[in-house]
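>>> predicted model follows, preceded by the sequence.
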Amino acid sequence: MVIIKIIRLFLLCIVFTFSFSFVAKASYTSEEFQESLFEIGYKSIYEALNEGNEYFNQEIVLPVQLPPVAFTHSFGRFENLDGEVNDKYDIEYVNKDTPHNHYKISIQPVKYGIDFRGNLIDQRIKLSDGNEAIYSTKAVNGFNVLVFEKDKFQYILSVDKRISDIATHEILAEIANSIK
């Protein structure tokens, strides 16, 4: 079950990396770029957030802070798949002209969260609320992730490895700490 979730997350990140790279290289206008994401189920962050809040019957709290890189677009998607196991809320921040400026937040109930263990963990970080976050450069190909729990949800903050010198594990921890 855990392996399936990790593989699914890995494949999703690969699809987004290639799709954003293709879209950016195609020199689409901002409107065309936006439409291409709406066609695959993305919508405004807050429209998708409202869907997730209703579905989970609990307010999903988002981080206030973002990584210090330029993004041109942000999108949200609430995935309500068969059963509850894979239901989650995703946010993507991308730059249509700079595909490696890619940041993602995935939020799902803790009871269905991904279990990171062993050699996937690079570092354990203590957050300001006392919870522990796990930082990994190996769990998802092409992305560094910070995983933590807050208010019965598991949060996965992912940044493209190519901006890891700017969006460091310290920055990701600051972002996690910005959730109040």
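Done, it's in. From a predicted model like this one, the values you see are computed outputs, not experimental measurements.
>>> residue 179 is in contact with residue 65, isn't it?
No: in this structure, residue 179 is not within contact of residue 65 by Cβ atoms under 8 Å, at 9.0 Å. Just so you know, the C-beta spots here come from the backbone N, C-alpha and C atoms, and that holds for glycine as well.
>>> more crowded one of the two?
The neighbour count for residue 179 versus residue 65, taken as other Cβ atoms under 10 Å, is higher for residue 179 (19 against 13).
>>> for that one, give me phi and psi.
phi -80, psi 120 (degrees, to the nearest 10).
>>> repeat for residue 147
Per-residue torsions, residue 147: phi -120, psi 130 (degrees, to the nearest 10).
>>> now the helices: where do they sit in the protein?
Using DSSP state H, the helices assigned to the chain run over residues 2-25, 30-39, 45-56, 169-177.
>>> not counting residues beside it along the chain, what's closest to residue 43?
Once flanking residues are discounted, residue 43 sits nearest to residue 76: 6.2 Å by Cβ to Cβ, 6 or more residues apart in numbering.
>>> got it, and residue 172?
residue 146 (3.9 Å).
>>> can you name the residues bridging to residue 78?
residue 89 (DSSP bridges).
>>> verify the stated contact: residue 142 with residue 161.
Yes: counting by Cβ under 8 Å, residue 142 does reach residue 161; the two are 5.7 Å apart.
>>> so residue 100 is in contact with residue 162, correct?
Yes: between residue 100 and residue 162 a contact is recorded at 3.8 Å, counting by Cβ under 8 Å.
>>> neighbour-wise, which of those two wins?
Shown here are residue 100 and residue 162; by other Cβ under 10 Å, residue 100 has more neighbours (18 against 15).
>>> residue contacts, that one?
Residue 100 makes contact with 160, 162, 163 under the criterion Cβ atoms under 8 Å, 6 or more residues apart in numbering.
>>> just the ones of these in strands?
Using DSSP state E, the subset of these located in strands is residue 160.
>>> what do residue 142 and residue 161 both touch?
By Cβ under 8 Å, 6+ apart, no residue touches both residue 142 and residue 161.
>>> roughly how far apart are residue 104 and residue 131?
Note on residue 104: its distance to residue 131, by Cβ to Cβ, to the nearest Å, is 20 Å.
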